[in-house]
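**Q** Task: produce atomic coordinates for the following.
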Amino acid sequence: MALDDDIRILSGVGLFEGFTREQLRLMAFGAEATPLKSGRKLYVEDDQADSAYVVVSGRIGLYREMDGRHQAVGEVGPGSMLGELALIADTRRLTSAAAIADSELLRLNRSMFRRILEEYPDLAVILHRRISDELQAMVRRIERLAPRFSS
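**A** Residues are numbered from 1 along each chain as shown. Purely as a prediction, here's the structure:
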C-alpha cells in the first residue's frame, strides 16, 4: 500500500483527528502493513499489548474466552482502531481478536508513537484532552446505567 493511502486511512481515525499531514506521514511511515487471513488470530486476550491496529480492509471479530468457548464481544471494520491504549501505556489485551474475513491492518507500535509525541508535544496535550473527555463521557454512561444494576 502507498504511503499516501496509509495517511488517508490514519486521517479518518478519531484518535488522530487534528494531526497535521506531516504528523500523519510520520505515523504512516512507521506503521507496519499486517495482512490477516480469515480465521487467523490477531492477538489473544490478556497478552501484553505494545501496539494498536487500524483496520484498513476486512472485518475483525472481538471475543472473550469463557469456559473454553468464544463469546463474541463485537466486530469492527475499516477505519476502526483496536488497542489504542497500548500506544500510551503498558497494558494487556482486554479481548481476543481474529479476522472474520481476509483483512489488512496497519500496526502502530508504542515506541514510534511516543517519538512522535516527543517531537510534537502539542499533540500530547490534544490527546490528553481527548482521552479525558472520552473517559468522562464513559463515566456518565456508567452512571446512567448504574440504577439498572442496583438491588
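**Q** what sits against the residue lying closest to T95 once chain neighbours are set aside?
**A** Distances taken as C-beta to C-beta, 6 or more residues apart in numbering place L62 nearest to T95, at 4.5 Å, with adjacent residues excluded. Where you see a C-beta, it was placed from the backbone N, CA and C, and this is true even at glycine. L62 sits next to A72, V73, G74, E75, V76, L82, T95, S96, A97 when contact means C-beta atoms under 8 Å, 6 or more residues apart in numbering.
**Q** For L62, what are phi and psi?
**A** Main-chain torsions, L62, degrees, to the nearest 10: phi -110, psi 140.
**Q** Per-residue pLDDT of it, please?
**A** Looking at L62, its pLDDT reads 95.
**Q** what's the answer for G79, then?
**A** The predicted local confidence for G79 is 93.
**Q** That one and V55, how far apart?
**A** 7 Å (C-beta to C-beta, to the nearest Å).
**Q** just F149 next, same as before
**A** To V55, F149 is 32 Å away according to C-beta to C-beta.
**Q** Just want to know which of those two has more residues nearby.
**A** V55 (24 against 7; other C-beta atoms under 10 Å).
**Q** so that one bridges to which residues?
**A** Note on V55: beta-bridge partners L105, judged by DSSP bridges.
**Q** The longest helix seen in the chain - what's its average pLDDT?
**A** Looking across the chain with DSSP state H, the single longest helix is helix 121-149. For helix 121-149, the mean pLDDT works out to 81.
**Q** And it, what's buried?
**A** For helix 121-149, the neighbour count (16 or more other C-beta atoms under 10 Å) marks L123, L127 as buried.
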